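Engineer: Below are the sequence and a predicted model; questions follow.
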Amino acid sequence: MKLITKAVIFSTLFLMNIMSFNIAQANNLSSHINLPVEKYKLKNGLTVLLNPDKKLNTASYILGFKVGSRHERKGITGISHMFEHLMFKGTKKYPNFDQIFSENGVVSVNAFTSRDYTAYVGTFPPDKLELILDVESDRMTQLTFTQEELNKERGAVQEERLMRIDNSPTGVLFENLFDQLFEKHPYRWPIIGYSEDIAKYSLEDLNKWYKTYYSPNNAVLVISGKFSAKKAKTLINKYFGNLKTKQIPTEINIKEPKQIKARSREISKKVQSSMATFSYLGPPLGTKEFYALEFISQILGTGESSVFYKKFVRQKKLLSSIYLGVIDLYHYGVFYIFYPLLDISKEEIIKKSILEELNKGIDLNLNKKSIEKVKNIYMNDMIYSLKRSRSRARDLFGYEISFNDYKKMYEKLDIIKDLSPEFIKRVGEKYLTPQKSNYIILKTKI
């Protein structure tokens, strides 16, 4: 085992004592919440993060791979998600993962696929660490599945697509949002894939995907909670150390062409209610500009105390709800405004009013008081998240797999602390302009 980096950072404050921490009073926020983390790499390239904490009763792990829907192409869209399903089919050594996990007290076993990566998670009793590492290393390279199992999961995924997208107004709207916003980048297709592609995957397609991307040098393993770091390192080397490295394909970051005029799209479908969305292409996750857009979404449109909710729901009574948010992606960020329509005849009035209120809101509501409020929410949310092994492991994993540096999680708070009303306004004026808007209206088909 080759030690590449080792960062053991001890907390300067107990987590329980800083739940009401004031973000505006700290000079260097990252120094207040750093966890004891040891990061290293095996000779075969597997990145490992260990975060032992004897105060917790259990431990959690995440094993993730740097492959998601953005690595796909037309014809095999959704294959990352399909393979996530097949990863639970078993190996010769462990033919039934569900059974072995349930018999050994491993809970919250799950997996998730994003546009940027795929991950497998679980929470386990401290004495089951070796079992977890044995199972996960085995299915990284020894997974077995048949045509019959593929057909079964194909049906399950098709049903999942029907429920989450085809028969869901929100699902239809957001699938179209990504398709409209991204003209070139593979972020444009849905994580679950298109129905015609799901129907055509072959065993050869799935095996090729597995043999290409499921490799230790394309993976990150995080363990957090009650366990011995010394024992974990020995066991990780035992079960993962001899796995072979693969040649991962070089990825091309496809650049989106500059949007110079507003786009609009109308969809008619048999759904219960009409709804609409505006979206804007933004900077990638981790940048100061991304967090500035996130602040705008929080202040203007998150919760019933937000500016947009008060204006459109309580005062004007044009809408029953409205929400602003951001989607964090590795290559680009997405800013969106989403709202159901009570009265389709008022579509144009609402559309025009929202665009006017967005510009006005950026100018009038991004003041020091509102921004400091959001800063403290961020701090307290992170502190709460770091109290649990599962969410702690996921936070560490997310930043490590996205940036090759889990410490970006801490740096985020220092970036946020330095955000000023002037900077946030400049970012809003840069990205949220009328000519960069993408509007979609989903109308109920009679």
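Structural biologist: Alright, I've got the coordinates. Because the structure is a prediction, the values reported are computed rather than measured.
Engineer: what's the span of stretch 248-268 from first residue to last?
Structural biologist: End-to-end distance for stretch 248-268: 42 Å, by Cα to Cα, to the nearest Å.
Engineer: which parts of it are buried?
Structural biologist: Judged by neighbour count (16 or more other Cβ atoms under 10 Å), stretch 248-268 contains these buried residues: 248, 259, 267. Where C-beta positions appear, they are placed from N, C-alpha and C, glycine not excepted.
Engineer: Now tabulate those residues in CSV and tack on pLDDT.
Structural biologist: Converted to CSV, the buried residues of stretch 248-268 look like this (pLDDT from 0 to 100):
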residue, pLDDT
248, 96
259, 96
267, 95
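Engineer: In strands, which of the residues you listed fall?
Structural biologist: Among those, the members found in strands (DSSP state E) are residue 267.
Engineer: of the buried residues of stretch 248-268, closest to residue 384?
Structural biologist: residue 248 (35.8 Å; Cβ to Cβ).
Engineer: From the contact counts, what lies against the helix or strand where residue 224 lies?
Structural biologist: Using DSSP states H and E, residue 224 falls within strand 219-225. Counting contacts by 3 or more Cβ pairs under 8 Å, 6 or more residues apart in numbering; DSSP states H and E, strand 219-225 packs against strand 47-52, strand 59-65, helix 129-141, helix 229-240, helix 389-403.
Engineer: Relative to residue 97, which of the ones you listed is closest?
Structural biologist: Distance to residue 97, taken as Cβ to Cβ, is lowest for helix 129-141 among the helices and strands packed on strand 219-225, at 6.9 Å.
Engineer: what mean pLDDT does the closest one have?
Structural biologist: Confidence over helix 129-141 (mean pLDDT, whole number) is 97.
Engineer: In that helix, which residues are buried?
Structural biologist: Quick answer for helix 129-141 (16+ other Cβ under 10 Å): 129, 131-141.
Engineer: Equivalent analysis for stretch 227-240, please.
Structural biologist: For stretch 227-240, by 16+ other Cβ under 10 Å, it's 227, 232-233, 235-237, 239-240.
Engineer: gap between it and the chain center?
Structural biologist: Offset of stretch 227-240 from its chain centre (Cα atoms, centre = their mean, to the nearest Å): 28 Å.
Engineer: pLDDT weak spots in the stretch 1-150 of the chain?
Structural biologist: For the stretch 1-150 of the chain, residues meeting the criterion pLDDT under 70 lie at 1-34.
Engineer: For the stretch 1-150 of the chain, just list every one of the strands.
Structural biologist: With DSSP state E, counting those that start in this stretch as the criterion, the stretch 1-150 of the chain has strands at 38-41, 47-52, 59-65, 107-113, 118-124.
Engineer: Quick one: distance of the last one to the chain centre.
Structural biologist: If I follow you right, that is strand 118-124. That offset, for strand 118-124, works out to 14 Å (Cα atoms, centre = their mean).
Engineer: what's the answer for the shortest one, then?
Structural biologist: Mean C-alpha position of strand 38-41 versus that of the full chain (Cα atoms, centre = their mean) differs by 23 Å.
Engineer: Output it in PDB with nothing but the alpha carbons.
Structural biologist: Included here for strand 38-41 are C-alpha records, laid out as PDB according to Å, rounded to 0.1, in the frame of the first residue of the first chain:
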ATOM      1  CA  GLU A  38      -7.100  10.000   6.700                       C
ATOM      2  CA  LYS A  39      -6.800  10.000   2.900                       C
ATOM      3  CA  TYR A  40      -4.500   7.600   0.900                       C
ATOM      4  CA  LYS A  41      -4.300   5.600  -2.300                       C
END
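Engineer: Partner strands of it, with direction?
Structural biologist: Paired with strand 38-41 in the same sheet, following DSSP bridges, are strand 47-52 (antiparallel).
Engineer: What lies in contact with the partner strand?
Structural biologist: For strand 47-52, the external contacting residues (Cβ atoms under 8 Å, 6 or more residues apart in numbering) are 35-42, 219-229, 232-233, 236, 392-393, 396-397, 400, 404, 406.
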